[in-house]
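**Q** dropping the sequence and predicted coords here.
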Number of protein chains: 4
Amino acid sequence: MNPPDAGVPDAEQIAASILESGSCAYSRNLGLTYTEATKARVRAELTVTEDHLTVPDILHGGAVMSIADDMGAVGAVLNLPPGARTSTIESKTNFVRGVPLGEKALGESTPVHLGRTTMVWQTRISREDGKLAAVVTQTQIVLPVEG
Amino acid sequence: MNPPDAGVPDAEQIAASILESGSCAYSRNLGLTYTEATKARVRAELTVTEDHLTVPDILHGGAVMSIADDMGAVGAVLNLPPGARTSTIESKTNFVRGVPLGEKALGESTPVHLGRTTMVWQTRISREDGKLAAVVTQTQIVLPVEG
Amino acid sequence: MNPPDAGVPDAEQIAASILESGSCAYSRNLGLTYTEATKARVRAELTVTEDHLTVPDILHGGAVMSIADDMGAVGAVLNLPPGARTSTIESKTNFVRGVPLGEKALGESTPVHLGRTTMVWQTRISREDGKLAAVVTQTQIVLPVEG
Amino acid sequence: MNPPDAGVPDAEQIAASILESGSCAYSRNLGLTYTEATKARVRAELTVTEDHLTVPDILHGGAVMSIADDMGAVGAVLNLPPGARTSTIESKTNFVRGVPLGEKALGESTPVHLGRTTMVWQTRISREDGKLAAVVTQTQIVLPVEG
């Protein structure tokens, strides 16, 4: 039974849940693990397996964009007013290097803009050697509390 | 053993293989099925399952971008000179509507530009009700035959 | 003195004004002339002069993006509810060919999505020979009537 | 008559020319002034005049993108191998705040990726109060020496 004041989870509770069990079914299935989730920075990683490969054998571009999409949305969620929701309205990726099989893709998302109607997050996906694999900039719309 | 003149597969052979067994490990695991693969148009579809869901229960934006990324690359591959390769160098998505659980996401990719050094492909992802879910524009670089 | 029912100009009045005298100081200075302005399509053109040139002597990419930015905003304005305003929140351009000195850049904008909170417009900039010069996709946020 | 060793100007000579007299006709007409031009960072500024205004009275989005487009190309030019050329193949802008009449738009471009076939540059356009107005990410293709 929930305590009388359970209500809407706050950013700290959301972050704890994401760090423990991921953000959603899709990103869990993808293998994305969150290692940091604060209002100012989100970090997550994914180890490239056979299931993630395109031709040739590197992490598929769709997986790269999936990582960023999920992370940017998490960052936005942590900055929402209580009860508000968010949705990604657009996303732009520049791919600069592949992430090979067996290595980790390391994502770091930081806010470019935290507004009342939109937020802009940028995610850098790097390889274990520290080199940049991709950079993603996405806009999250802030959907106010209904009613 | 391959016949002496096996060499590089042509666009028709590549298309047949993709229609039969998909384009790569990642998109097969995602559940993407190709229904048309020509130089002028690529079509593919994916039925949204529990594994594809974000919060709330619609197709994850990363999956939407994965579908398009894969399809645009297939379109580019079908237009490459023999022996050349391609890589997605950038991709831009506008998300306009969610695709609900149990429904199909229907992708259609067409070329915006077919150049010698780059190609630009645009993919519309629609829902079964015919409404647009997302539009993706991506650039494929053409990597010439080595050596 | 305004007649009692002057109020907010409607789409037809806005379109007439734009066709006659352009949309704003910046686009007038640029040399952009509107030839069609409806809810479903906007057309405009610009003749490339010495003042528009980059190195080498083609229409500067910034001018290409300026044309589209202005046109997409005009398209959005024509679809706004009375009293609402719009602002471009993001814009993406793919450049595929240059427009030479002395030729016209011909822009055509059509809506990709007309929503209550955002609109997405796509602008194709072509050359007089009919070949595509650039394609631009932009998101306009709809700012509701204040108060 | 050129001295026998005049040849192709090097990055230092190009930078000096741009700092003194701008990069091209279009950006000069726009009012863009370069204040720093190195391989690792480019800075430029523009004072918003009546000629730059959209409705309402802020710097037009097309001018914002023009500033970035020019600056990113300058950054790429400074990193080209001797004799090679560059062209912007795509550009993505997120607009977050307007720059008012009479104030300066301050641009700073830094490389995200410096490759042999493409370079990616990111430009932040800020206001005099230090707040971000827009962020632009663009891809420059490297066109090798002909012949």
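**A** Great, that's in hand.
**Q** only C-alpha atoms for contact and neighbour calcs from this point on.
**A** OK.
**Q** for A:Leu143, grab the count of nearby residues.
**A** A total of 17 residues lie near A:Leu143 under the criterion other C-alpha atoms under 10 Å in any protein chain shown.
**Q** wait, what's in contact with it?
**A** By C-alpha atoms under 8 Å, 6 or more residues apart in numbering or on different chains, the residues touching A:Leu143 are A:Ala84, A:Arg85, A:Thr86, A:Ser87, A:Thr117.
**Q** so how far is D:Lys92 from the most centrally placed residue in chain A?
**A** Nearest to the mean C-alpha position of chain A, by C-alpha atoms, centre = their mean, lies A:Met71 at 0.7 Å. A:Met71 sits 20 Å away from D:Lys92, taking C-alpha to C-alpha, to the nearest Å as the criterion.
**Q** re earlier: closest to C:Arg43 among the contacts of A:Leu143?
**A** Taking C-alpha to C-alpha as the measure, A:Thr117 is the one of these closest to C:Arg43, at 30.2 Å.
**Q** and the angle from the longest helix belonging to chain A to helix B:61-78?
**A** Identified as the longest helix of chain A according to DSSP state H is helix A:61-78. Relative orientation of helix A:61-78 versus helix B:61-78 (axes from the mean of the first three to the mean of the last three C-alpha atoms, to 10 degrees): 160 degrees.
**Q** how distant is helix A:61-78 from the center of its chain?
**A** How far helix A:61-78 lies from its chain's middle: 3 Å, per C-alpha atoms, centre = their mean, to the nearest Å.
**Q** and the next element down the chain from it?
**A** For helix A:61-78, the following helix or strand on the C-terminal side (DSSP states H and E) is strand A:85-95.
**Q** which elements pack onto that next one?
**A** With contacts taken as 3 or more C-alpha pairs under 8 Å, 6 or more residues apart in numbering or on different chains; DSSP states H and E, strand A:85-95 sits against helix A:61-78, strand A:132-143, strand B:85-95.
**Q** from A:Val77, how far off is A:Thr35?
**A** Using C-alpha to C-alpha, A:Thr35 is found at 16 Å from A:Val77.
**Q** the two: which is more packed in?
**A** Shown here are A:Thr35 and A:Val77; by other C-alpha under 10 Å, A:Val77 has more neighbours (22 against 16).
**Q** you'd agree the more buried one is up against A:Arg85?
**A** Yes: A:Val77 lies in contact with A:Arg85 (C-alpha atoms under 8 Å); the separation is 7.1 Å.
**Q** and A:Gly102, that one's in a helix?
**A** No: assessed with DSSP: H, G, I helix; E, B strand; the rest coil, A:Gly102 is coil; it does not lie in a helix.
**Q** so stretch A:58-72, near chain B or not?
**A** Yes: Stretch A:58-72 reaches chain B (C-alpha under 8 Å from any C-alpha of the partner chain) through A:His60, A:Gly61, A:Gly62, A:Ala63, A:Met65, A:Ser66, A:Ile67, A:Asp69, A:Asp70.
**Q** can you pull the contacts of the fifth one?
**A** Listed by C-alpha under 8 Å, 6+ apart, the contact set of A:Met65 reads A:Thr93, A:Val136, B:Gly62, B:Met65, B:Ser66.
**Q** so which of these wins on neighbours?
**A** Highest neighbour count within the contacts of A:Met65: B:Met65, with 29 neighbours (other C-alpha under 10 Å).
**Q** for A:Ile145, helix, strand, or coil?
**A** Just so we're on the same page, residue A:145 is Val rather than Ile. coil.
**Q** so what's the residue count around the closest residue to it other than its chain neighbours?
**A** Nearest residue to A:Val145, sequence neighbours excluded (C-alpha to C-alpha, 6 or more residues apart in numbering or on different chains): A:Ala84, at 4.7 Å. A:Ala84: 14 surrounding residues under other C-alpha under 10 Å.
**Q** surely A:Ala84 meets A:Thr117?
**A** No: judged on C-alpha under 8 Å, A:Ala84 makes no contact with A:Thr117 at a distance of 10.7 Å.
**Q** who touches both of the two?
**A** Listed as contacting both A:Ala84 and A:Thr117 by C-alpha under 8 Å, 6+ apart are A:Val142, A:Leu143.
**Q** stretch A:32-42 and chain B, are they touching?
**A** No: using C-alpha under 8 Å from any C-alpha, stretch A:32-42 stays clear of chain B, coming no nearer than 12.0 Å.
**Q** span of that stretch from start to end?
**A** This stretch, stretch A:32-42, spans 12 Å end to end (C-alpha to C-alpha).
**Q** in that stretch, what's buried?
**A** Within stretch A:32-42, the residues that qualify as buried are A:Leu32, A:Thr33, A:Tyr34, A:Thr35, A:Glu36, A:Ala37, A:Thr38, A:Lys39, A:Arg41, A:Val42, counting by 16 or more other C-alpha atoms under 10 Å in any protein chain shown.
**Q** which pair of those residues spans the longest distance?
**A** The largest separation in the buried residues of stretch A:32-42, counting by C-alpha to C-alpha, is between A:Leu32 and A:Lys39 at 19.1 Å.
**Q** how far away is A:Ser21 from chain C?
**A** 33 Å (C-alpha to the nearest C-alpha, to the nearest Å).
**Q** and if you look at A:Gly61?
**A** For A:Gly61, the distance to chain C - C-alpha to the nearest C-alpha - is 19 Å.
**Q** so A:Val42 touches A:Glu108, yeah?
**A** Yes: counting by C-alpha under 8 Å, A:Glu108 is a contact partner of A:Val42 at 5.7 Å.
**Q** which stretches of chain A have low pLDDT?
**A** Within chain A, the ranges that satisfy pLDDT under 70 run A:1-6, A:147.
**Q** hang on, A:Glu12 is in a helix, isn't it?
**A** Yes: according to three-state DSSP, A:Glu12 belongs to a helix.
**Q** show the contacting residues for it.
**A** Applying C-alpha under 8 Å, 6+ apart to A:Glu12 gives the contacts A:Leu78.
**Q** name the residues that touch stretch A:26-36?
**A** Stretch A:26-36 is contacted from outside by A:18-22, A:42-47, A:63, A:66-67, A:70, B:51-54, B:60, using C-alpha under 8 Å, 6+ apart.
**Q** next one: stretch A:127-134
**A** Residues from elsewhere that reach stretch A:127-134 (C-alpha under 8 Å, 6+ apart): A:64, A:93-99, A:103-106, A:124-126.
**Q** just say helix, strand or coil for A:Gln122.
**A** Three-state call for A:Gln122 (three-state DSSP): strand.
**Q** tell me what the residue lying closest to it once chain neighbours are set aside is bridged to.
**A** In this structure, A:Gln122 finds its nearest non-sequential neighbour in A:Thr137, 4.4 Å apart by C-alpha to C-alpha, 6+ apart. With DSSP bridges applied, A:Thr137 shows beta-bridge pairing to A:Lys92, A:Gln122.
**Q** how many neighbours does A:Thr137 have?
**A** Neighbours around A:Thr137, by other C-alpha under 10 Å: 28.
**Q** residues contacting it?
**A** For A:Thr137, the contacting residues are A:Ser91, A:Lys92, A:Thr93, A:Val120, A:Trp121, A:Gln122, A:Thr123, by C-alpha under 8 Å, 6+ apart.
**Q** now those residues as JSON lines including distance to C:Ser27?
**A** Below are those laid out as JSON lines (distance: C-alpha to C-alpha, whole Å):
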{"residue": "A:Ser91", "distance to C:Ser27": "28"}
{"residue": "A:Lys92", "distance to C:Ser27": "27"}
{"residue": "A:Thr93", "distance to C:Ser27": "30"}
{"residue": "A:Val120", "distance to C:Ser27": "27"}
{"residue": "A:Trp121", "distance to C:Ser27": "30"}
{"residue": "A:Gln122", "distance to C:Ser27": "31"}
{"residue": "A:Thr123", "distance to C:Ser27": "34"}
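**Q** A:Arg43: what's it in contact with?
**A** Neighbouring residues of A:Arg43 by C-alpha under 8 Å, 6+ apart: A:Tyr34, A:Thr35, A:Glu36, A:Ala37, A:Met71, A:Leu106, A:Gly107, A:Glu108, A:Ser109.
**Q** so the last one, which of the three states?
**A** Three-state assignment for A:Ser109 (three-state DSSP): strand.
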